[in-house]
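Engineer: got a predicted structure plus its sequence, pasted below:
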Amino acid sequence: MKAKKIIGIAILILIGVGLLPTTRDTLKWHFASSGDKAQNYAEYLAAWPSGQYSDEARSRYEERSWADAQAERSLGSYRHYEQTHPEGAHLVEARTRIEDLTWQQSTKANTIQSFEAYLKNYETGRFAETARSRIEDSKWQQSTNANTIISLRGYAEAYPKGRFISEAQSRQIALRKDDTPYTTALQSGTTRALIDFLTEFPGHAKEADAKQAIKDITEGRDIVDLLAEKKVEIQTQGSGIESVSVRVRRLVPYPLTIRVPVGSYFVSANQSAQNMVTTAEGNVRLTTDSWQSILVDAACANRPRDIPSGSDTFTVQRSPQQAELAKLMPVLDKARVDTETKQAAVWIVTDNANYNDLGILVASSNGFGGSRVINQREAARAMKICTEAGINITQKNIWFDRQTILRGLTDTDLKKWLEEEASRPVNSQQQLGPNAKAERQQASEMSTTTTRGQTSAPPVADLWASEKESAAYLAANAIKEGVNTMASGLQYKIIKTAKGLSPKLIDRVRVHYHGTLIDGTVIDSSILRGEPVTFPVNAVIQGWTQALQLMKVGEKWQLFIPPDLAYGKNGVQGVIGPNSTLIFNVELLGIEK
């Protein structure tokens with residue numbers, strides 16, 4: 001009886017357990033359906049994903065979620081529907097609403113970034129073309145607001161076929177010629193503003209000027225260049241035989257460091273007064289528009305003239321002997337010689353003075369007459385210093401007076417040095433100017449002079465470098481306004497026209513000229529010497545011969561002579577390097593039959 005009772009209880013328990021899940025499912029469903037919200041159905045499905053009401057629950061869950069999204073009409077609500085119902089009946093419409101709302105956000109922000117964000121999600125969306133158009137509009141607006149070459153170039157590179165491409169290109173062309181941004185940068189007086197100008201306006205017509213202004217500010221410039229470019233003005237005054245007084249002020253709005261290099265040539269306005277040549281470099285920094293003064297160490301040139309006084313004024317040029325003077329002065333300073341020896345060394349270079357010429361400097365106790373102060377010792381010491389500076393003293397007139405100097409020389413060391421120098425083989429005397437037949441032969445001889453059985457010639461690397469430099473200069477010069485190029489390669493620019501006769505090959509001509517290297521170094525100048533030159537047309541370098549036969553008396557030409565029409569690969573030792581292009585300003589004064 002007891003066993004039967006136990007079995008009955010067990011059966012009842014099994015029946016209860018079997019009925020319990022269904023009862024719980026039903027209870028949960030009743031709870032969800034009575035709430036009838038999306039969240040209720042989500043909770044039912046979480047508990048009974050395979051329950052007897054799950055299909056109905058999913059259908060209601062989607063409908064209620066869609067109703068919620070429709071009621072809220074926000075990106076978040078539609079995205080929630082999209083995420084929770086990836087296969088829902090309203091999925092297409094949800095995604096349409098999401099794109100619409102994303103586009104609304106983009107247009108409300110109205111920025112490049114907002115439109116780019118739309119395109120990132122909807123590259124081929126319904127508003128994609130409009131978005132791209134708005135981005136182009138905005139970038140064009142940015143370009144025109146900046147109004148710089150770099151901003152317009154950025155638009156053109158991004159939209160080579162854009163709606164504003166023609167205007168972008170025309171604006172760039174106009175900006176390259178517009179001086180306003182350059183002037184603004186210049187007026188600021190800072191390198192930062194000029195660097196910004198170069199960055200924002202690449203290819204501007206004033207690009208080279210801006211770079212030069214930066215160089216003016218940071219590195220300093222030769223006073224001759226600054227005067228030529230009208231960036232400074234000067235007032236000069238004589239101050240005896242050892243210095244020149246210079247007052248200078250800037251004519252540009254930015255700071256300038258002015259250099260007065262060794263060898264700068266101060267040409268006296270008074271033709272009876274000596275010109276002066278600087279013996280030490282002078283520097284002055286100009287940060288305001290006020291006049292500033294500098295006393296420049298100098299020595300006299302042009303011996304026969306009077307010593308400059310306080311009433312004498314000067315113009316500044318590069319000396320034809322500036323390269324030699326630049327080598328000489330550091331050695332002179334190191335030697336700490338007396339004024340007489342220093343003046344002798346300078347005259348040997350600037351005037352090619354002989355021993356007799358040096359006697360013009362005298363000392364007098366009463367202002368009349370006087371005795372020479374540059375004697376054999378000072379002359380020999382000056383010659384030795386020139387040699388130590390790398391100047392070939394055997395090519396100077398003083399060398400022909402070496403025996404005279406030796407006879408009166410009592411300094412044992414100097415006498416020994418001069419005797420040793422006199423015993424060395426001597427090269428042909430070098431000359432300057434356009435006299436080709438003598439000079440080219442001498443240049444050839446000097447370039448192949450035998451020393452201890454060895455021949456000396458310019459290094460191949462130097463020849464190649466100078467040849468490339470000349471070729472690059474002539475190529476750039478050929479396209480400049482007014483420059484004509486002959487079949488031979490000679491380039492010329494007519495500065496002044498006239499109606500006179502043209503010389504023939506057999507004629508002699510009288511000319512005034514000024515010759516430089518392409519870096520501005522003066523190599524020879526009848527203008528600086530103050531006296532025209534006469535020579536046969538067929539006795540000068542080829543570039544001159546060709547040009548002279550085309551010129552008319554009274555005309556002024558600027559010649560750009562390639563190396564093969566000048567001094568070729570040998571150059572002229574110490575003056576004209578190998579493969580050098582020469583520039584001559586030539587005035588044809590007359591023809592002598």
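Structural biologist: Everything's here; your move. Residues are numbered from 1 along each chain as shown.
Engineer: okay, now the sheet partners of the helix or strand where T236 lies, with direction.
Structural biologist: For T236, the host element (DSSP states H and E) is strand 232-238. Paired with strand 232-238 in the same sheet, following DSSP bridges, are strand 243-250 (antiparallel).
Engineer: quick one: distance of the partner strand to the chain centre.
Structural biologist: Between the centre of strand 243-250 and the centre of its chain there are 28 Å (CA atoms, centre = their mean, to the nearest Å).
Engineer: and what of stretch 108-121?
Structural biologist: Worked out by CA atoms, centre = their mean, stretch 108-121 lies 42 Å from the chain centre.
Engineer: can I get that stretch as PDB, trimmed to CA atoms?
Structural biologist: These are the backbone C-alpha positions of stretch 108-121, laid out as PDB (Å, rounded to 0.1, in the frame of the first residue of the first chain):
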ATOM      1  CA  LYS A 108      23.600  71.400 -42.200                       C
ATOM      2  CA  ALA A 109      27.400  71.400 -41.300                       C
ATOM      3  CA  ASN A 110      28.200  72.400 -44.900                       C
ATOM      4  CA  THR A 111      31.800  71.600 -44.600                       C
ATOM      5  CA  ILE A 112      34.300  69.600 -46.700                       C
ATOM      6  CA  GLN A 113      34.700  67.100 -43.900                       C
ATOM      7  CA  SER A 114      30.900  66.600 -43.500                       C
ATOM      8  CA  PHE A 115      30.500  65.900 -47.200                       C
ATOM      9  CA  GLU A 116      33.500  63.600 -47.200                       C
ATOM     10  CA  ALA A 117      32.000  61.700 -44.300                       C
ATOM     11  CA  TYR A 118      28.800  61.200 -46.300                       C
ATOM     12  CA  LEU A 119      30.800  59.900 -49.300                       C
ATOM     13  CA  LYS A 120      32.800  57.600 -47.100                       C
ATOM     14  CA  ASN A 121      29.500  55.700 -46.300                       C
END
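Engineer: now the helices: where do they sit in the stretch 401-550 of the chain?
Structural biologist: Counting by DSSP state H, counting those that start in this stretch, the stretch 401-550 of the chain has helices at residues 402-407, 412-423, 436-447, 460-478, 526-529, 542-548.
Engineer: phi first, then psi, for K552.
Structural biologist: When quoted as degrees, to the nearest 10, the phi and psi of K552 stand at phi -110, psi 150.
Engineer: nearest to D36, out of the helices of the stretch 401-550 of the chain?
Structural biologist: helix 460-478 (87.4 Å; CB to CB). (C-beta placed from N, C-alpha, C; glycine too.)
Engineer: quick check: mean pLDDT of that closest one?
Structural biologist: The pLDDT scores in helix 460-478 average 74.
Engineer: assign the closest residue to T190 other than its chain neighbours to helix, strand or coil.
Structural biologist: Counting by CB to CB, 6 or more residues apart in numbering, T190 lies nearest to Y254, which is 7.3 Å off, once chain neighbours are set aside. The three-state label given to Y254 by DSSP: H, G, I helix; E, B strand; the rest coil is coil.
Engineer: pretty sure Y254 contacts A213?
Structural biologist: Yes. Using CB atoms under 8 Å, Y254 is in contact with A213, at 6.1 Å.
Engineer: which residues are common contacts for those two?
Structural biologist: 186, 194 (CB atoms under 8 Å, 6 or more residues apart in numbering).
Engineer: who has more neighbours, those two?
Structural biologist: Taking neighbours as other CB atoms under 10 Å, Y254 and A213 compare with A213 leading, 24 against 21.
Engineer: what sits against the more buried one?
Structural biologist: Here A213 is in contact with 186, 194, 252, 254 (criterion: CB under 8 Å, 6+ apart).
Engineer: OK, contacts around the residue nearest to T190?
Structural biologist: Per CB under 8 Å, 6+ apart, neighbours of Y254: 186, 188-190, 194, 213, 216-217.
Engineer: repeat that for Q321.
Structural biologist: Contacts of Q321 (CB under 8 Å, 6+ apart): 263, 277, 349-350.
Engineer: so which of those residues belong to strands?
Structural biologist: Using DSSP state E, V277 are the members of those that sit in strands.
Engineer: neighbour count, distance to L332 and pLDDT added to the contacts of Q321, as JSON lines?
Structural biologist: Formatted as JSON lines, those follow (neighbours: other CB atoms under 10 Å; distance: CB to CB, whole Å; pLDDT from 0 to 100):
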{"residue": "G263", "neighbour count": "26", "distance to L332": "12", "pLDDT": "79"}
{"residue": "V277", "neighbour count": "27", "distance to L332": "12", "pLDDT": "82"}
{"residue": "V349", "neighbour count": "27", "distance to L332": "10", "pLDDT": "86"}
{"residue": "T350", "neighbour count": "25", "distance to L332": "13", "pLDDT": "79"}
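Engineer: from the contacts of Q321, which land in helices?
Structural biologist: Using DSSP state H, the members of those that fall in helices are 349-350.
Engineer: which of the contacts of Q321 sits closest to N147?
Structural biologist: Using CB to CB, these come closest to N147 at G263, 47.0 Å.
Engineer: my read is that that closest one contacts L325, right?
Structural biologist: Yes. With contact defined as CB under 8 Å, G263 reaches L325; the gap is 3.4 Å.
Engineer: list residues touching both of those two?
Structural biologist: With CB under 8 Å, 6+ apart, G263 and L325 have common neighbours 277-278, 319.
Engineer: distance of the spatially most central residue of the chain from P202?
Structural biologist: Nearest residue to the geometric centre of the chain (CA atoms, centre = their mean): K211, 4.9 Å. Between K211 and P202 the distance, using CB to CB, to the nearest Å, works out to 12 Å.
Engineer: ditto for V262
Structural biologist: Relative to P202, and taking CB to CB, V262 is found at 38 Å.
Engineer: more crowded one of those two?
Structural biologist: With neighbours defined as other CB under 10 Å, V262 and P202 compare such that V262 has more, 23 against 14.
Engineer: nearest spatial neighbour of that one, skipping sequence neighbours?
Structural biologist: M329 (4.5 Å).
Engineer: which helix or strand contains the one you found?
Structural biologist: Residue-wise, M329 maps onto helix 322-335 under DSSP H and E.
Engineer: report the helix or strand with the lowest average pLDDT across this structure.
Structural biologist: Counting by mean pLDDT, DSSP states H and E, the chain has its least confident helix or strand at strand 450-451, which shows a mean of 32.
Engineer: for the closest residue to G500 other than its chain neighbours, what are its contacts?
Structural biologist: Nearest residue to G500, sequence neighbours excluded (CB to CB, 6+ apart): V553, at 2.9 Å. By CB under 8 Å, 6+ apart, the contact list for V553 reads 498, 500-503, 588-591.
Engineer: change it to 10 Å
Structural biologist: With contact taken as CB atoms under 10 Å, 6 or more residues apart in numbering, V553 is in contact with 498-503, 509-510, 587-591.
Engineer: so can I have TSV of those showing neighbour count?
Structural biologist: Formatted as TSV, these follow (neighbours: other CB atoms under 10 Å):
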residue	neighbour count
A498	14
K499	8
G500	14
L501	14
S502	14
P503	24
V509	24
R510	16
E587	21
L588	24
L589	15
G590	15
I591	18
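Engineer: so the residue nearest to V262 sits against S319, correct?
Structural biologist: No. At 11.7 Å, M329 does not count as touching S319 under the criterion of CB atoms under 10 Å.
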